[in-house]
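Colleague: got a predicted structure here, sequence first:
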Amino acid sequence: VIVAGLVVDELARCGMHDAVLAPGSRNSPLAVALAQADRSGRVRLHVRVDERSAGFLAVGLAKGSGRPVAVCCTSGTATANLHPAVLEASESGIPLVVLTADRPPELRGVGANQTVDQARLYGPAVRAYTELGDVIGNVIGGGVPAPDAYVRSTVDRLVAAAAGTLTADPGPVQLNLPLREPLMPAPDQPPVGTGRPGGVPWTAVTAGSAEAAPLARGPERTLLVVGDAPPALGARARAWAEAAGWPLVAEPSSGARGGPMAVPAASLLLGVPGVVEALRPERVLVVGRPTLTRSVLALLRRPDVDVEVRSASPRWPDPGRQACLVAIGLPPPPLGDERAPSAWAKRWLAAGRAGAAARDAVPSADGPLTGASVAREVAAVAGVLVVGSSLPVRDLDTTVDDLDGVAVFANRGVAGIDGTVSTALGVALATGDRAAYAMVGDLTFLHDSNGLVVGPAEPRPALCLVVVDNNGGGIFATLEQGLSTTDFERLVATPHGVDLETLCGASRTPYTKVETISGLRSALAPAAGIRVVHAPVTRHALAEDRTRLESAVTEAVRPLLS
Ligand SMILES: Cc1ncc(C[n+]2csc(CCOP(=O)(O)OP(=O)(O)O)c2C)c(N)n1
Ligand SMILES: [Mg+2]
């Protein structure tokens, strides 16, 4: 029985809709099987040359669809190029099924071409690792009594581990497939094993009906902090805030930002000295994983508030080590027991409104086009938005208070600047009919410009990639990198002077440069295909702007704190 066909057939039975393939010789049996599944409409196949981009494309597809996605590569360094995506999938709980083709055991450790030790290559970053043995020339060996059962149940176990069906701990898995020549099936080879009748998995793995632990309404002075979270968890957190009248501090990719309880300009407000003392919560309820702002993380380190964590998975976040209670997930808020916001909650909202008004009145010394103004315009038109690490996600956080109707995604697992173009393409491909936008920094764009290399036969989403180009890493100007100005530029900011128009031209990606807000607005009008909107900004005034913003917010909020 042809093993690659079994693997792909079983993956489709397990609910995999999308797969990504990077080309090679050793993995050609898998390529053939994936192409067959694509032709028959069971799987949508995406081929990419660069494995690092391929891996992040799969991450984006899985993020956008909520389903497991396979990524398949050949042996050798190809496998290592998937490592960044595996790390991101591990830290953000994304069901990524990595299929690595390998040399058979007799060709390992003997200097054979394109051979590395691929066993447990990704170490602790995968939820499960399996190697299929006894594969002889792309065919499962005669020594295996029930090849169908062996291969299919192996795939089912891996998909269950990736989806976290039984563990509530989704993440990446690796299936290493040693394949011996001949790699292409002989004409007289028996067809793919038939599997269970009715197209169901060999072993259907179902979750128990474990309900999330009950959540006590607890102290009235409960502040809800929502970090990066799966959309359903974020939505539930927001429902709790609204039912219980709790002020809500939600990161852009939390799925919870918006509605009457969302504290405007929350991360700026939390940076105001004395605000937590004046509006002290008795309990801070953390949902998902907050990573974005120092002011929020400082709150979670305070020993004088009770920190309670509701995590998306058993890997609960608590970098301040202050959590006094942890549980997975959230039950729905109790029906018919809604509470109006208390006077204390109203003070949080009023302070946020004052801070937001002050924020909006501060002009930028860098002129009209800034990360903040671009974030505001992009959020106004996007149905789906992928934001890059570094300043874009933070500009969105500080600038846009209400993200109702915008599904925001960000690689917050490890917050890399790698793979973001491909993640955005994957999210756009998975979410389809909603206007998809991405906002990324210039270095982030350059890091994954290979994401724009999409072959003519590949599915193409409608995606508008907005590059906020400050010619280097702007974020470092706002951090305390204690280097002299000259060294700062070369060692930290790393300006590059790359001509983005030429770069886009190489992949024939439509490109528009914008210099004004009105130019940006017209460039953001919905259009088909993948395109780049280039927004050059400066970074001279970033630190100065930040300081002015913080002082303006502090000045506006202080009178409300006494
Ligand atoms: C893969 C990876 N390498 C390095 C970093 C460290 N890093 C964080 S932000 C940043 C600069 C990003 O620059 P850009 O994308 O232009 O965004 P800006 O800061 O200008 O908004 C770097 C290098 C990282 N997060 N990920
Ligand atoms: Mg930059």
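Modeller: Yep, it's here. Ligands and ions are numbered 1, 2, ... in the order given.

Colleague: what residues sit buried inside stretch 270-290?
Modeller: Judged by neighbour count (16 or more other CB atoms under 10 Å), stretch 270-290 contains these buried residues: 270-272, 275-276, 279, 281, 283-290. C-beta coordinates here come from the backbone N, C-alpha and C atoms, glycine included.

Colleague: looking at the chain, which helix is longest?
Modeller: In the chain, with assignment by DSSP state H, the single longest helix is helix 343-361.

Colleague: just the CA atoms of it, as CSV, please.
Modeller: Extracted in CSV, the C-alpha atoms of helix 343-361 (Å, rounded to 0.1, in the frame of the first residue of the first chain):
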residue,chain,number,x,y,z
ALA,A,343,-19.1,53.5,40.2
TRP,A,344,-15.6,52.1,40.3
ALA,A,345,-15.9,50.6,36.8
LYS,A,346,-17.3,53.9,35.5
ARG,A,347,-14.3,55.7,36.8
TRP,A,348,-12.0,53.3,34.8
LEU,A,349,-14.1,54.1,31.7
ALA,A,350,-14.1,57.8,32.3
ALA,A,351,-10.3,57.8,32.9
GLY,A,352,-9.9,55.9,29.6
ARG,A,353,-12.1,58.4,27.7
ALA,A,354,-10.1,61.3,29.1
GLY,A,355,-6.8,59.6,28.1
ALA,A,356,-8.1,58.8,24.7
ALA,A,357,-9.2,62.4,24.1
ALA,A,358,-5.8,63.7,25.1
ARG,A,359,-4.1,61.1,22.9
ASP,A,360,-6.1,62.1,19.9
ALA,A,361,-5.3,65.7,20.3
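
Colleague: which is the next helix or strand following it?
Modeller: Going down the chain from helix 343-361, the next helix or strand is helix 371-381, by DSSP states H and E.

Colleague: in that following helix, what counts as buried?
Modeller: For helix 371-381, the neighbour count (16+ other CB under 10 Å) marks 371-379 as buried.

Colleague: tally of neighbours for Leu369?
Modeller: Using other CB atoms under 10 Å, Leu369 is surrounded by 21 other residues.

Colleague: which parts of the stretch 401-550 of the chain sit against ligand 2?
Modeller: When proximity is defined as CB under 5 Å from the ion, the stretch 401-550 of the chain approaches ligand 2 at 441-442, 470, 474.

Colleague: change it to 6 Å
Modeller: Contact residues, the stretch 401-550 of the chain versus ligand 2 (CB under 6 Å from the ion): 441-443, 470, 472-474.

Colleague: where in the stretch 1-150 of the chain is pLDDT low?
Modeller: The model of the stretch 1-150 of the chain has pLDDT under 70 over residues 1, 142.

Colleague: packing partners of the helix or strand where Val532 lies?
Modeller: Val532 belongs to strand 530-536 when elements are defined using DSSP H and E. Counting contacts by 3 or more CB pairs under 8 Å, 6 or more residues apart in numbering; DSSP states H and E, strand 530-536 is packed against strand 463-469, helix 500-506, strand 511-513, helix 517-523.

Colleague: shaky segments in the chain?
Modeller: Using pLDDT under 70, the flagged stretches of the chain are 1, 142, 190-192, 481-484.

Colleague: circling back: near ligand 1, anything from the strand holding Val532?
Modeller: No: if you take CB under 6 Å from any ligand atom as the test, strand 530-536 misses ligand 1, and the best it gets is 11.5 Å.

Colleague: the next helix or strand after that strand vs helix 371-381, what angle?
Modeller: Next along the chain after strand 530-536, taking DSSP H and E as the criterion, comes helix 542-557. On the basis of axes from the mean of the first three to the mean of the last three CA atoms, to 10 degrees, helix 542-557 is oriented at 70 degrees to helix 371-381.

Colleague: helix 542-557 close to ligand 1?
Modeller: No: between helix 542-557 and ligand 1, judged by CB under 6 Å from any ligand atom, nothing touches; the nearest distance is 8.6 Å.

Colleague: quick check: angle from that helix to helix 343-361?
Modeller: 140 degrees.

Colleague: picking that back up, can you tell me which of the buried residues of stretch 270-290 is closest to Leu121?
Modeller: Within the buried residues of stretch 270-290, proximity to Leu121 (CB to CB) peaks at Arg289, which comes in at 25.7 Å.

Colleague: next one: phi and psi at the closest one?
Modeller: Main-chain torsions, Arg289, degrees, to the nearest 10: phi -130, psi 100.

Colleague: can you check the one 5 residues further on too?
Modeller: With angles defined as degrees, to the nearest 10, Arg294 sits at phi -60, psi -40.

Colleague: now swap in Asp433 and tell me
Modeller: Main-chain torsions, Asp433, degrees, to the nearest 10: phi -80, psi -10.

Colleague: OK, now which residue of the stretch 151-300 of the chain is nearest to ligand 2?
Modeller: Nearest residue of the stretch 151-300 of the chain to ligand 2 (CB to the ion) works out as Leu292 at 17.3 Å.

Colleague: and for the closest residue to that residue other than its chain neighbours, the neighbour number?
Modeller: Leaving aside its sequence neighbours, Leu292 sits nearest to Glu251 (CB to CB, 6 or more residues apart in numbering; 5.2 Å). Glu251 has 30 neighbouring residues, counting by other CB under 10 Å.

Colleague: element containing Leu446?
Modeller: Counting by DSSP H and E, Leu446 is part of helix 442-447.

Colleague: how about that helix and ligand 1, touching?
Modeller: Yes: applying CB under 6 Å from any ligand atom, one finds helix 442-447 touching ligand 1 at 442-444.

Colleague: could you dump those into TSV and include distance to Trp202 and neighbour count?
Modeller: Formatted as TSV, the residues of helix 442-447 next to ligand 1 follow (distance: CB to CB, whole Å; neighbours: other CB atoms under 10 Å):
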residue	distance to Trp202	neighbour count
Asp442	48	25
Leu443	46	23
Thr444	41	27
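
Colleague: out of those residues, which comes closest to ligand 2?
Modeller: The nearest member of the residues of helix 442-447 next to ligand 1 to ligand 2, counting by CB to the ion, is Asp442 at 4.3 Å.

Colleague: and that closest one, what does it touch?
Modeller: When contacts are counted by CB atoms under 8 Å, 6 or more residues apart in numbering, Asp442 touches 467-472, 496, 498, 500.

Colleague: mind redoing it with 7 Å?
Modeller: Neighbouring residues of Asp442 by CB atoms under 7 Å, 6 or more residues apart in numbering: 467, 469-471.

Colleague: and what of Glu282?
Modeller: Per CB under 7 Å, 6+ apart, neighbours of Glu282: 219, 221, 305-306.
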